[in-house]
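*Asks:* pasting the sequence and the predicted coordinates here, then a few questions.
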Amino acid sequence: MPTNLHSRRPEGLPDYDTPPISEVGFSIQFERPEGFNQMYVRDFWEMFRDGYPIATIEPRLAPIFETFSAPFRDLRKSQFKFEAHQGPVENRCVFSSENFNSIIQFQSDRISLNWKKDHDRRYPRFELIRDRFAEAVNQVEKKFEEFSWGKLAANQCELVYSNSIPISPPSLGANILKLDSLQEVEELEGFQINFSRLLRDNTGERYARVHVSGVTTFNDEKQHVLLLNIAVRGRPLGQNVDDCWKFFHAARISIVEMFTKITSQQAQETWSRVK
């Protein structure tokens, strides 16, 4: 479980009473245990089914790694790393709560938890979602011990915040982000942005990236919205699960600071910024 140092909200971190967050996702990618096969899937569902009684099978996700070999990143190139796997085809198991607002996904080299907002619920805050994920990871670690697979060895972590922000003409969300020049465009139909920035450890080594994407679109209710996703993906500074909680602690700070940096003061007042 996260230590006290990484369980509290950092002092001075910007905060909002009603943030436009629609989904938060935690993910740990790890080395595939030697003895894993699909026969073990039912053991994991039995472990999660009290809180996540709805189970489905989806195609397995390919491993993904942030790489830092080049001085600049070509945004056209994929970061996915495909690995050949010999033996039976493996799948991804999706375990959902009854209201589908909390989802655990598990496969032989990854576990993730997603919280999704529904109409009647407020954002429950980072700490609560992280602690739910920590409980799930702790259960997986116990299974690793039970099956003599050794320690869970993390190689990548990812934290994602998704925001769904209602917009309307004429600015169509350009006033939500600090895009003053777009506000001067007549009859603006929409826009899309993508950029990333590097994160470095205490020694100056690159270990992760902040990925930002924004696009104007329509939600399920046919409302015009700006979908703004901010994610941090990279390698934890060690392979232990404790190193993952340190990664998520730092990633949360980077995401909130980036959100505050790129959104306008007018928008932040709408979300009742309190810090």
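*Replies:* Yep, that arrived. Numbering: from 1, shown residues only.
*Asks:* pull the worst-scoring helix or strand of the chain on mean pLDDT out as CSV, backbone CA atoms only.
*Replies:* Within the chain, confidence by mean pLDDT, DSSP states H and E is lowest for helix 180-183 among all helices and strands, at a mean of 78. Taking Å, rounded to 0.1, in the frame of the first residue of the first chain, the C-alpha atoms of helix 180-183 are listed here in CSV:
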residue,chain,number,x,y,z
ASP,A,180,-6.3,33.1,-27.7
SER,A,181,-5.5,33.0,-31.4
LEU,A,182,-8.2,30.5,-32.1
GLN,A,183,-10.8,32.7,-30.5
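*Asks:* in the stretch 151-275 of the chain, which spans are helices?
*Replies:* 180-183, 241-262, 265-270 (DSSP state H, counting those that start in this stretch).
*Asks:* pull out the buried residues from the last one.
*Replies:* Translated: helix 265-270. For helix 265-270, the neighbour count (16 or more other Cβ atoms under 10 Å) marks 267-268, 270 as buried. (Glycine included, C-beta is placed from N, CA and C.)
*Asks:* tell me which of the residues you listed is nearest to residue 12?
*Replies:* residue 268 (15.7 Å; Cβ to Cβ).
*Asks:* what sits against the spatially most distant residue from the centre of the chain?
*Replies:* No residue in the chain sits farther from the centre than residue 186, which is 35.2 Å out by Cα atoms, centre = their mean. Applying Cβ atoms under 8 Å, 6 or more residues apart in numbering to residue 186 gives the contacts residue 170.
*Asks:* ok, back up a step: out of the helices of the stretch 151-275 of the chain, which is closest to residue 37?
*Replies:* When those are compared by Cβ to Cβ, helix 241-262 sits nearest residue 37, at 23.1 Å.
*Asks:* and that closest one, what other elements does it pack with?
*Replies:* When contacts are defined as 3 or more Cβ pairs under 8 Å, 6 or more residues apart in numbering; DSSP states H and E, helix 241-262 sits against strand 21-30, helix 126-146, strand 154-166, strand 192-200, strand 206-218, strand 224-234.
*Asks:* TSV for these, including mean pLDDT, distance to residue 66 and mean neighbour count?
*Replies:* Formatted as TSV, the helices and strands packed on helix 241-262 follow (pLDDT from 0 to 100; distance: least, Cβ to Cβ, whole Å; neighbours: other Cβ atoms under 10 Å):
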stretch	mean pLDDT	distance to residue 66	mean neighbour count
strand 21-30	97	11	22
helix 126-146	95	20	16
strand 154-166	97	7	20
strand 192-200	95	10	13
strand 206-218	95	6	18
strand 224-234	96	5	21
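*Asks:* any chance of CSV for these, columns distance to residue 257?
*Replies:* Formatted as CSV, those follow (distance: least, Cβ to Cβ, whole Å):
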stretch, distance to residue 257
strand 21-30, 15
helix 126-146, 14
strand 154-166, 12
strand 192-200, 11
strand 206-218, 9
strand 224-234, 10
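*Asks:* let me know which of these is the nearest to residue 173.
*Replies:* That would be strand 224-234 among those, by Cβ to Cβ, at 3.7 Å.
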